[in-house]
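Asks: generate coordinates for the sequence data below:
(2 chains)
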Amino acid sequence: MAGSNPNAKPMNLTLNVWRQPNRQAKGKIVEYHVKDISPDMSFLEMLDVLNEDLLHTNQDPVAFDHDCREGICGSCALFINGRSHGPEKGTTTCQLHMRKFSDGDTITIEPWRASSFPVNKDLSVDRSAFDRIIQAGGYVSVNTGGAPDGNEIPIPKEISDRAFEAATCIGCGACVAACKNASAMLFVSAKVSQLALLPQGNVERKTRVENMVAQMDKEGFGACTNIGSCAAECPVGISLENIAILNREFLAAKATSNNLA
Amino acid sequence: MSWITKTLTSSIGRKIIMSLTGLFLCTFLVVHLVGNLQLFKHDEGLAFNTYSHFMGTNPIIRTIEWGLVLGFGFHIYEAFALSRRNRAARGTQGYVSNHSEQNSEWTSRNMGILGSIILIFLIVHLYNFFWRARFGGLPKVGGNDLESRDLDNLYLAVVDSFHVWWYVLLYVAAQISLGYHLWHGFRSGFQTLGLNHRKYTPLIKYVGYAFAVVVSAAFASMPLYFYLFTNEQGDLKAAIAAPIMHAVASAF
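Replies: Modelled structure (predicted):
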């Protein structure tokens, strides 16, 4: 395999995995052992090995969310050894490799925890609260018709770069999982800043921030206390500056919008 | 609910009240500290008693005092409201393993505990000094000086309290808590108000650290000074005074 290290020794690991049959059930940590794990495997491939073992012995495999496995879809979401997406900075679970661990390690794997993220099964959580926040205002309304020309609306590079930085948020929920207050403000602020910076988003700027914050509160997420765990654990490096922008946008919108409700 | 109450009870609205009241209370700390520095003046409390008489009787100060009551009240109320909301958001099932120390500062995660220690101190402190100064119970300064003899002798009450070991301990513990509280709170207040800029945020952060250390250390120095270095009238203990006097004398 290209890029693999022929000297890397396979590892034997102990896994403490959160098992919970369904939403209502009370879960618990179950200990498993996996053998001959290659350091070149991703964390999810290691879990695939575990699940294969479980299937071969007629046990229920561990449910976990994953999709693209290349760090861009935001599906994978594991709380590994007490950290969102594990010990490596700026990495999603799928991009975390087993070479970050050592032979004989015990790894604790838990689902994201938050009242607004109920556990579906084992390590899979329901993050549809994020979808509903996006539905409340995280979009730009466009009239149907002929496709507009590219670059019809000129956007200075500096602005588009800043908007893009905020747009890198993949909505994985690591911020909520890491936050002591289970606050979703880093996520919401990334979406609000991204759209507020661009001319297309300027039209709905005030209603957007009002509606998204209202939905965020309705979903039961906590309030930010500027601890900074979220930004430290964010796999794509969304910065706390966005939360300051969110606060500014919110205050300005509340003070000047035509919405009296 | 009108748009105003909706704004102020939203998660961001409550945060903004926290930050505004918090920063307002920082200005109060400065005023309180500067006034209290008069305790160190070796005039048997004349300056301090004159000052405390002014603070207790001047109509402008008495009006602003209500602002202070509201500042404390809202800061404490919002802290409870936000803590309740945030605990509910976190949920009943916690993490089996959570290494938050690897991604954030201890002070930032424990503002509620630090604030609670300060609140307990505040209640004792208000009862001991403010209540007695405002609603009686303090002896007059007395003596022959016409200017000062009718003033309440708050100075003596302070010096007296600062010779009670558990009071000194509570004072110092509360000031350490205040220091940590400000360590996070000062810069956090600016962030909540949306004041985050790569030019100023590092400056605000270090000014906040300096503010936290200077204010808490200066407040803590008062009970320690009187407990360790003076007798119960506020005069320097002879064993300590002699070498200091000697040092001062030999300097000239």
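
Asks: the residue in the stretch 1-150 of chain A positioned nearest to chain B - how many residues pack around it?
Replies: Taking CB to the nearest CB, chain B has its nearest neighbour within the stretch 1-150 of chain A at residue A:82, 3.4 Å off. The way it works is simple: take the backbone N, C-alpha and C, and place the C-beta from them, glycine included. Close neighbours of residue A:82, defined as other CB atoms under 10 Å in any protein chain shown, add up to 19.

Asks: residues contacting it?
Replies: Neighbouring residues of residue A:82 by CB atoms under 8 Å, 6 or more residues apart in numbering or on different chains: A:108, B:95, B:97, B:98, B:99, B:100, B:102.

Asks: show me what contacts the third one?
Replies: Spelled out, it's residue B:97. A:16, A:81, A:82, A:108, A:110.

Asks: how about low-confidence regions in chain B?
Replies: B:1 (pLDDT under 70).

Asks: by mean pLDDT, point me to the weakest helix or strand of chain A.
Replies: helix A:199-202 (a mean of 92; mean pLDDT, DSSP states H and E).

Asks: buried set for that helix?
Replies: residue A:201 (16 or more other CB atoms under 10 Å in any protein chain shown).

Asks: for that helix, packing partners?
Replies: helix A:185-197 (3 or more CB pairs under 8 Å, 6 or more residues apart in numbering or on different chains; DSSP states H and E).

Asks: and the helix it packs on, how far out from the chain middle?
Replies: Here helix A:185-197 is found 14 Å from its chain centre; the criterion is CA atoms, centre = their mean, to the nearest Å.

Asks: and that helix, C-alpha only, in PDB?
Replies: Extracted in PDB, the C-alpha atoms of helix A:185-197 (Å, rounded to 0.1, in the frame of the first residue of the first chain):
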ATOM      1  CA  MET A 185     -23.000  28.800  19.000                       C
ATOM      2  CA  LEU A 186     -19.800  28.000  17.100                       C
ATOM      3  CA  PHE A 187     -21.900  26.100  14.500                       C
ATOM      4  CA  VAL A 188     -24.600  28.800  14.200                       C
ATOM      5  CA  SER A 189     -22.000  31.600  14.200                       C
ATOM      6  CA  ALA A 190     -20.100  29.900  11.300                       C
ATOM      7  CA  LYS A 191     -23.200  29.800   9.200                       C
ATOM      8  CA  VAL A 192     -24.300  33.300  10.200                       C
ATOM      9  CA  SER A 193     -20.900  34.900   9.500                       C
ATOM     10  CA  GLN A 194     -20.500  33.100   6.200                       C
ATOM     11  CA  LEU A 195     -23.800  34.300   4.800                       C
ATOM     12  CA  ALA A 196     -23.700  37.800   6.400                       C
ATOM     13  CA  LEU A 197     -20.300  38.500   4.600                       C
END
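
Asks: tell me what that helix is packed against?
Replies: Counting by 3+ CB pairs under 8 Å, 6+ apart, helix A:185-197 packs on helix A:128-137, helix A:157-167, helix A:174-178, helix A:199-202, helix A:205-218, helix A:229-233, helix A:241-256.

Asks: which bits of the stretch 101-250 of chain A sit near chain B?
Replies: Counting by CB under 8 Å from any CB of the partner chain, the stretch 101-250 of chain A comes close to chain B at A:108, A:110, A:113-116, A:178, A:180-183, A:185, A:213-214, A:216-217, A:220-229, A:232-233, A:240-241, A:243-248, A:250.

Asks: which one is residue A:177 nearest to, not counting chain neighbours?
Replies: In space, residue A:177 comes closest to residue A:112 once its chain neighbours are excluded; the distance is 3.9 Å by CB to CB, 6 or more residues apart in numbering or on different chains.

Asks: what about that neighbour, how many neighbours?
Replies: Applying other CB under 10 Å, I find that residue A:112 has 26 neighbouring residues.

Asks: quick one: residues contacting it.
Replies: A:77, A:79, A:84, A:125, A:127, A:173, A:174, A:176, A:177.

Asks: same thing but 10 Å
Replies: A:65, A:77-79, A:84, A:119, A:123-127, A:172-178, A:182, B:95 (CB atoms under 10 Å, 6 or more residues apart in numbering or on different chains).

Asks: buried subset of these, written for ChimeraX?
Replies: This is how ChimeraX selects the buried members of the contacts of residue A:112, with burial counted by 16+ other CB under 10 Å:
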select /A:65,77,78,79,84,119,123,124,125,127,172,173,174,175,176,177,178,182 /B:95
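
Asks: list the buried ones in the top helix by length along chain B?
Replies: Identified as the longest helix of chain B according to DSSP state H is helix B:59-90. Residues of helix B:59-90 classed as buried: B:68, B:71-72, B:74-76, B:78-79, B:81-83, B:85-87, B:89-90 (neighbour count, 16+ other CB under 10 Å).

Asks: count of neighbours near the residue nearest to residue B:148 when sequence neighbours are not counted?
Replies: What sits nearest to residue B:148 in space, not counting adjacent residues and going by CB to CB, 6+ apart, is residue B:141, at 5.1 Å. If you count neighbours by other CB under 10 Å, residue B:141 ends up with 22.

Asks: please tell me I have it right and residue B:141 contacts residue B:49.
Replies: Yes. The criterion here is CB atoms under 10 Å, and residue B:141 meets it with residue B:49 at 5.9 Å.
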